[in-house]
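Participant: Build me a structure from this.
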Amino acid sequence: MANCFPPSEWEAVYKRVKPIESKLADLYRAWSDDRARVSTEEIDALIALLEPAIEKMREAQRRPDCDFQLDYSPFTLLPHVHAARSAASLLALRIGRFEQRGEIDAAIADLRIGARLG
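Facilitator: The predicted structure follows:
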């Protein structure tokens, strides 16, 4: 977060993002267990809310490479790994919705984002 937000904003950003991230994790877990348990409206609403994040992932795809500039050691913090997991969950939900609607080209585009993310 140090490169994205000044330390004085970390707490406010965390408070704003944590409930959304929890909702994403809960929906993804429920959807993974049984797609019929989760309403498509609920998934679509969350996807719409997170569209700016999806757009950032699309923008990142246009870059030649990504370097988190970490000095790896046994004590290195890896916050980007958690963010990548959340991004993958969001993409999986979107891909699933595209598949349900028969939007195969859109699903493939998101698969490409996910593959590059990994």
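Participant: From here on, just use CA atoms for contacts and neighbour counts.
Facilitator: Will do.
Participant: where does this structure have low pLDDT?
Facilitator: For the chain, applying pLDDT under 70 flags the ranges 1-5, 66-70, 77, 79, 118.
Participant: repeat that for 80
Facilitator: Where the chain drops to pLDDT under 80, the residues are 1-7, 60-61, 64-73, 75-82, 116-118.
Participant: for the residue nearest the centre of the chain, helix, strand, or coil?
Facilitator: Residue closest to the mean C-alpha point of the chain, counted by Cα atoms, centre = their mean, is residue 87 at 1.7 Å. Three-state assignment for residue 87 (DSSP: H, G, I helix; E, B strand; the rest coil): helix.
Participant: how far away is it from residue 8?
Facilitator: Counting by Cα to Cα, to the nearest Å, the gap from residue 87 to residue 8 is 25 Å.
Participant: what does residue 26 give?
Facilitator: 29 Å.
Participant: now stretch 46-60, how far from the centre of its chain.
Facilitator: Distance, stretch centre to chain centre, for stretch 46-60: 8 Å (Cα atoms, centre = their mean, to the nearest Å).
Participant: Could you do stretch 109-118 as well?
Facilitator: Mean-position distance between stretch 109-118 and its chain equals 11 Å (Cα atoms, centre = their mean).
Participant: Go through it and flag the buried ones.
Facilitator: Of the residues in stretch 109-118, 110, 111, 113, 114 count as buried by neighbour count, 16 or more other Cα atoms under 10 Å.
Participant: Same question for stretch 48-55.
Facilitator: 50, 54.
Participant: pull the CA atoms of it into CSV?
Facilitator: The C-alpha trace of stretch 48-55 is given here as CSV (Å, rounded to 0.1, in the frame of the first residue of the first chain):
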residue,chain,number,x,y,z
ALA,A,48,-20.6,-3.5,-11.0
LEU,A,49,-19.3,-2.0,-7.8
LEU,A,50,-15.8,-3.4,-8.6
GLU,A,51,-15.7,-2.4,-12.2
PRO,A,52,-13.0,0.2,-11.5
ALA,A,53,-10.8,-2.6,-10.2
ILE,A,54,-11.5,-4.6,-13.3
GLU,A,55,-10.6,-1.7,-15.5
